[in-house]
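S.K.: Here is my input; please provide its structure:
(chains A, B, C and D)
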Number of protein chains: 2
Amino acid sequence: MWATVRPEAARRLLLAAVDSFAELGYHGTSTRHITTGAGMSAGALYVHYRTKADLLFQIALIVHDSVLATLREALDGKEEPPQRVRALMYAFSSWHARHHEAARVIQNEMRALEPEHAARIAAMRRQVRELILAEVSAGAASGHFDVADLPGTARALSSLAIDVCRWYRPEGPRTPDEIGALCAHTALRVVGAER
Amino acid sequence: MWATVRPEAARRLLLAAVDSFAELGYHGTSTRHITTGAGMSAGALYVHYRTKADLLFQIALIVHDSVLATLREALDGKEEPPQRVRALMYAFSSWHARHHEAARVIQNEMRALEPEHAARIAAMRRQVRELILAEVSAGAASGHFDVADLPGTARALSSLAIDVCRWYRPEGPRTPDEIGALCAHTALRVVGAER
DNA sequence: CAGTCTACTGAGCGATCGCTTAGGCTGAGC
DNA sequence: GCTCAGCCTAAGCGATCGCTCAGTAGACTG
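M.R.: Next up is the predicted model:
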């Protein structure tokens, strides 16, 4: 996810910021804590980023790009609605386990963005929601699913996957792939695909 | 939920803190912002609370008490597992809509607590999880539900309800009661109670 | 080798933070 | 009518915040 961030020092700062934002929150993290974590002195952050808020924005852009790419790749080549929802939910929820630190940052810290940056991120989040809603709607229209409330059901699937980043612990009993399989199975029950 | 907090000035401070913590986060909120919101000067906070962190702890105690009381009251008198899970999920999710600000505080800001306070809150959260797990397990044992993974399914129900506080907006199209009904219905599908 | 550029250091700026303290106001009890 | 405890204000402490900037080390160019 971070491979494209250059130069290497900018990437080190960004990774240190994700770590610290996830653990202490945006406002709980000082710029000195970030630069120390990246092995640099206090002023180095401003060589690569305009402000602390800009650093958060760059993180949000990269992370949301990663989510969207992951979801689209998961759907690629799948035809039948149950297969598509299974792939989508597997990818979405296992991504939230694998990248739980980055996910926590984009779930909890977006209110620190300036309005115009927040709007750009909100647009990317809307794309994710519409992607899920489209799959639920398609399955309901084709008769594969039994769904009375389309947006409400899409919201439920979204909740199942996103909430993973809140409770997931790497030392816990489940791997990201096992969580993906569980969430996908649960999602198919939620849309009424099991007969 | 806050009626028992006395004197009235302490309650005003507490309510202002919940508002601000929910909107700006614990570290994003200054003690001056809290006292201004309660119509007092900066020093007034320390008449009623030892520290800013202690104020957060008092909030967490009250809020978790409210959740536990709400869940136990919802189960009271219900006999059959499907009825109990429906009541539990209705109460849990509609509580998260009705009290979405307080819920956001206890979901996102608990890491700011001191270790011994965090441990007390963690114990209360464990009680909530065990309450849900017990209902899922009882329904599976009695044959009302079809559940292969008991803790995983309990976690899914918990996610459905808790995540409400992340996306709920008072100006949105659904009332807390409608959200409760939707989550309860979804939960019964997740546990395989629909035949 | 001299000159230039980029990446970074480290001191430090003004602002704001959590919290303390001295003192004033108010109302219940004697 | 006086005392005193409880509640609150206003000023301000030391620490830390985000951010700036003059200076430097080292690689590259001509």
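
S.K.: is it true that residue A:177 touches residue A:95?
M.R.: No. Contact criterion C-beta atoms under 8 Å: residue A:177 and residue A:95 do not qualify, at 11.1 Å. Yep, even glycine has a C-beta here, placed from its N, CA and C like the rest.

S.K.: ok, residue A:187 - how many residues close by?
M.R.: Per other C-beta atoms under 10 Å in any protein chain shown, the neighbour tally for residue A:187 reads 29.

S.K.: for residue A:16, that is, sorry about that
M.R.: Other residues close to residue A:16 by other C-beta under 10 Å number 21.

S.K.: One more: residue A:129?
M.R.: 14.

S.K.: hmm, stretch A:13-23 in reach of DNA strand C?
M.R.: No. Residues of stretch A:13-23 contacting DNA strand C under C-beta under 7 Å from any atom of the strand: none, with a closest distance of 8.3 Å.

S.K.: what separates that stretch from the chain centre, distance-wise?
M.R.: Relative to its chain's centre, stretch A:13-23 lies at 15 Å (C-alpha atoms, centre = their mean, to the nearest Å).

S.K.: And for stretch A:45-65?
M.R.: On C-alpha atoms, centre = their mean, the centre of stretch A:45-65 falls 16 Å from that of its chain.

S.K.: Could you confirm whether any residue of that stretch contacts chain B?
M.R.: No. Applying C-beta under 8 Å from any C-beta of the partner chain, one finds stretch A:45-65 out of contact with chain B, separated by at least 12.0 Å.

S.K.: what helices or strands is the lengthiest helix in chain A leaning on?
M.R.: Longest helix in chain A, counting residues (DSSP state H): helix A:115-142. When contacts are defined as 3 or more C-beta pairs under 8 Å, 6 or more residues apart in numbering or on different chains; DSSP states H and E, helix A:115-142 packs onto helix A:52-75, helix A:81-98, helix A:150-162.

S.K.: And it, what's buried?
M.R.: Within helix A:115-142, the residues that qualify as buried are A:117, A:121, A:124-125, A:128, A:131-133, A:135-137, A:139-140, counting by 16 or more other C-beta atoms under 10 Å in any protein chain shown.

S.K.: and that helix, how far from the chain's centre?
M.R.: 13 Å.

S.K.: Between residue A:177 and residue A:95, tell me which one has more neighbours.
M.R.: The residue with more neighbours, out of residue A:177 and residue A:95, is residue A:95; 24 against 13, by other C-beta under 10 Å.

S.K.: How about that one, nearest residue that isn't a chain neighbour?
M.R.: Excluding the flanking residues, the one nearest residue A:95 by C-beta to C-beta, 6 or more residues apart in numbering or on different chains is residue A:70, at 5.1 Å.

S.K.: what's around that neighbour, how many residues?
M.R.: 17.

S.K.: What pLDDT is listed against it?
M.R.: Reported pLDDT at residue A:70 in the predicted model: 97.

S.K.: check contacts around it.
M.R.: Residue A:70 sits next to A:91, A:92, A:95 when contact means C-beta atoms under 8 Å, 6 or more residues apart in numbering or on different chains.

S.K.: any idea of the pLDDT on the second one?
M.R.: Read that as residue A:92. For residue A:92, the pLDDT comes out at 98.

S.K.: Can I get the contacts of residue A:70 in a markdown table including distance to residue A:108?
M.R.: Shown next, in a markdown table, are those (distance: C-beta to C-beta, whole Å):
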| residue | distance to residue A:108 |
| --- | --- |
| A:91 | 22 |
| A:92 | 18 |
| A:95 | 17 |
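
S.K.: just those residues now: which is nearest DNA strand D?
M.R.: residue A:95 (28.4 Å; C-beta to the nearest atom of the strand).

S.K.: Now residue A:40. Its backbone dihedrals?
M.R.: phi -130, psi 180 (degrees, to the nearest 10).
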